[in-house]
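S.K.: Structure for this input, please:
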Amino acid sequence: MTNIKINKLPKSEVEIEGEISAEIFESYYEKALKKLGEKVEIDGFRKGKVPENILISKIPESHILEEMAEMALMEEYPKMIEEEKIEAISRPDISITKIARKNPLGFKIRTAVLPELELPDYKKIAKKTIGEVADKEKDITVTEEEVENTIMDIRKSRAPKIHITDKAKEEAEHVHDENCKHEESENKETKEPDLLEFNDEYVKALGPFEGVEDFKNKLKENIKLEKENHLKERTRLKIVEKIIEETKVELPEILIQVELDKILYRMESDIAQMGLKFEDYLKHLNKTIEDLKKEFRGDAEKKAKLALVLNKISKVENITADREQVAREVTMILEHYKDADPERAEMHAENVLTNEAVFQFLENQN
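M.R.: From the prediction side, this is the model:
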């Protein structure tokens, strides 16, 4: 490789300009000819077994040169970005600037790279944000009223459903107004469907509970845990929003598009689960995919920025996921999704657990 020049472009992109030496480029001639020859059909010869001299007469040299260039760059590009320490995050856009037999291959390659971040004092931000959480927000005490309200919601959700026929409704309409009023005042409490008695037998039917008291104790623990999780999520959101707000970074378009695709994929999945077609849903909204992309672009930018911030903090603080936890998570993923790619499952698990470790690190700044 000679004359490699790296040009920095806007939006965290780079252009790699250079040449592959004539010797290296020429070494791909026979490989390119053989590959092209596998598709050539000539009477009297089996496919892929046509002699080289005949192939040369049948395949235009320009096609051979193009195949040589593609093969050469496919092999040399990974070496190039490794040697130059370029953190490429998109497929390369390649332009050939000079191509001829027994001559250097000139090229320009454009690609998005991992952007440089200017992180604020994230430890200070985390500490200050946690300190500003009001005492009222920190209160995760579970009251008896909350327990009783939750029990009532459960009882109502499991109450027998009563269906009134159209005939019954018609008959009711013929009852004298005064009788209706009298009936209504007497039976105000019976408008709600009858609730099953809340006793030991009832709670045992809900799950592995010893009785009403045991159920209430476990319910109280669950409500408390839910409050703790809500407090944690709210605090984490405040911390990262402030860090993101003060982080300087030029986002590559590819990262924004990746996050937009994720948002639209989740939306489409949710719509499908409701038994609707995404196309019909869009028609109902009178919107296109492009409209939704514009609408959610701000969210996508935040998500892309958050991913970069968490990744950068993990590198600066040398935070990594616990290998045993990663292995357990991968096992669970592969058990639930039989067709999942083990390598991608591991990458996903490692990313999620590393991010969790970063959040814990920020929470511990207090």
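S.K.: Excluding sequence neighbours, find me the nearest residue to residue 88.
M.R.: Nearest non-adjacent residue to residue 88, counting by CB to CB, 6 or more residues apart in numbering: residue 111, 4.6 Å away. The C-beta positions use only the backbone N, C-alpha and C, and glycine is treated the same way.
S.K.: Quick check: residue 16 is in a strand.
M.R.: Yes. Assessed with DSSP: H, G, I helix; E, B strand; the rest coil, residue 16 lies in a strand.
S.K.: Am I right that it is in contact with residue 108?
M.R.: Yes. Contact criterion CB atoms under 8 Å: residue 16 and residue 108 qualify, at 7.2 Å.
S.K.: the more surrounded of these two?
M.R.: Neighbours per residue, other CB atoms under 10 Å: of residue 16 and residue 108, the larger number sits with residue 16, 21 against 15.
S.K.: Kindly state the beta-bridge partners for the more buried one.
M.R.: residue 6, residue 109 (DSSP bridges).
S.K.: Could I get the contacting residues of it?
M.R.: 4-7, 80-81, 84, 86, 107-111 (CB atoms under 8 Å, 6 or more residues apart in numbering).
S.K.: run the last query once more with 7 Å
M.R.: Going by CB atoms under 7 Å, 6 or more residues apart in numbering, residue 16 touches 4, 6, 80, 109.
S.K.: Dump those into CSV; add distance to residue 288 and neighbour count as well.
M.R.: Formatted as CSV, these follow (distance: CB to CB, whole Å; neighbours: other CB atoms under 10 Å):
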residue, distance to residue 288, neighbour count
4, 43, 12
6, 39, 14
80, 39, 21
109, 33, 19
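S.K.: Provide a list of residue ranges in this structure with pLDDT below threshold.
M.R.: Within the chain, the segments meeting pLDDT under 70 span 1-2, 41-50, 161-193.
S.K.: So which residues of the stretch 101-250 of the chain form helices?
M.R.: Using DSSP state H, counting those that start in this stretch, the helices of the stretch 101-250 of the chain run over residues 122-131, 135-138, 144-157, 166-173, 177-186, 200-206, 212-246.
S.K.: Can you give me the separation between the residue most central in space within the chain and residue 269?
M.R.: Relative to the mean C-alpha position of the chain, the nearest C-alpha, by CA atoms, centre = their mean, is the one of residue 262, at 5.3 Å. To residue 269, residue 262 is 11 Å away according to CB to CB, to the nearest Å.
S.K.: Please apply the same query to residue 282.
M.R.: To residue 269, residue 282 is 15 Å away according to CB to CB.
S.K.: Pick out whichever of these two has more residues nearby.
M.R.: Shown here are residue 282 and residue 269; by other CB under 10 Å, residue 282 has more neighbours (16 against 10).
S.K.: residues near the nearest residue to that one once chain neighbours are set aside, how many?
M.R.: For residue 282, ignoring the flanking residues on the chain, the nearest one in space by CB to CB, 6+ apart is residue 288 at 6.6 Å. Other residues within reach of residue 288, judged by other CB under 10 Å, total 11.
S.K.: Tell me the spatial nearest neighbour of residue 262, not counting adjacent residues.
M.R.: Take residue 262 and drop its neighbours on the chain: the residue closest to it by CB to CB, 6+ apart is residue 303, 7.6 Å away.
S.K.: My read is that residue 67 contacts residue 31, right?
M.R.: No. If you go by CB atoms under 7 Å, residue 67 and residue 31 don't touch, sitting 8.4 Å apart.
S.K.: what about the two, which has more around it?
M.R.: For residue 67 versus residue 31, the count of surrounding residues by other CB under 10 Å is larger for residue 67: 19 against 14.
S.K.: hang on, the earlier thing: want to throw the contacts of residue 16 into CSV with distance to residue 121?
M.R.: Shown next, in CSV, are those (distance: CB to CB, whole Å):
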residue, distance to residue 121
4, 37
6, 31
80, 37
109, 37
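S.K.: How about residues contacting stretch 244-259?
M.R.: Contacts with stretch 244-259, where a contact means CB under 7 Å, 6+ apart, come from 11-13, 89-90, 112, 115, 117-120, 297, 300-306, 308-309.
S.K.: so who does residue 92 touch?
M.R.: By CB under 7 Å, 6+ apart, residue 92 lies in contact with 77, 109, 110, 111.
S.K.: got a winner among the residues you listed for most neighbours?
M.R.: Highest neighbour count within the contacts of residue 92: residue 111, with 22 neighbours (other CB under 10 Å).
S.K.: in what helix or strand does the closest residue to residue 18 other than its chain neighbours lie?
M.R.: Nearest non-adjacent residue to residue 18, counting by CB to CB, 6+ apart: residue 4, 4.0 Å away. Element membership for residue 4 (DSSP states H and E) is strand 2-9.
S.K.: May I see the buried residues of that strand?
M.R.: Within strand 2-9, no residue counts as buried by 16 or more other CB atoms under 10 Å.
S.K.: Give me the helices and strands touching that strand, please.
M.R.: Judged by 3 or more CB pairs under 7 Å, 6 or more residues apart in numbering; DSSP states H and E, strand 2-9 is in contact with strand 13-20.
S.K.: angle of the strand it packs on against strand 2-9?
M.R.: With axes from the mean of the first three to the mean of the last three CA atoms, to 10 degrees applied, the angle from strand 13-20 to strand 2-9 works out at 170 degrees.
S.K.: Tell me the helix or strand right after strand 13-20.
M.R.: Going down the chain from strand 13-20, the next helix or strand is helix 22-26, by DSSP H and E.
S.K.: by contact count, what packs against that next one?
M.R.: Judged by 3+ CB pairs under 7 Å, 6+ apart, helix 22-26 is in contact with helix 61-83.
S.K.: Mind listing what's buried along the helix it packs on?
M.R.: Buried-residue list, helix 61-83, by 16+ other CB under 10 Å: 64, 65, 67, 68, 69, 71, 72, 73, 76, 77, 80, 81.
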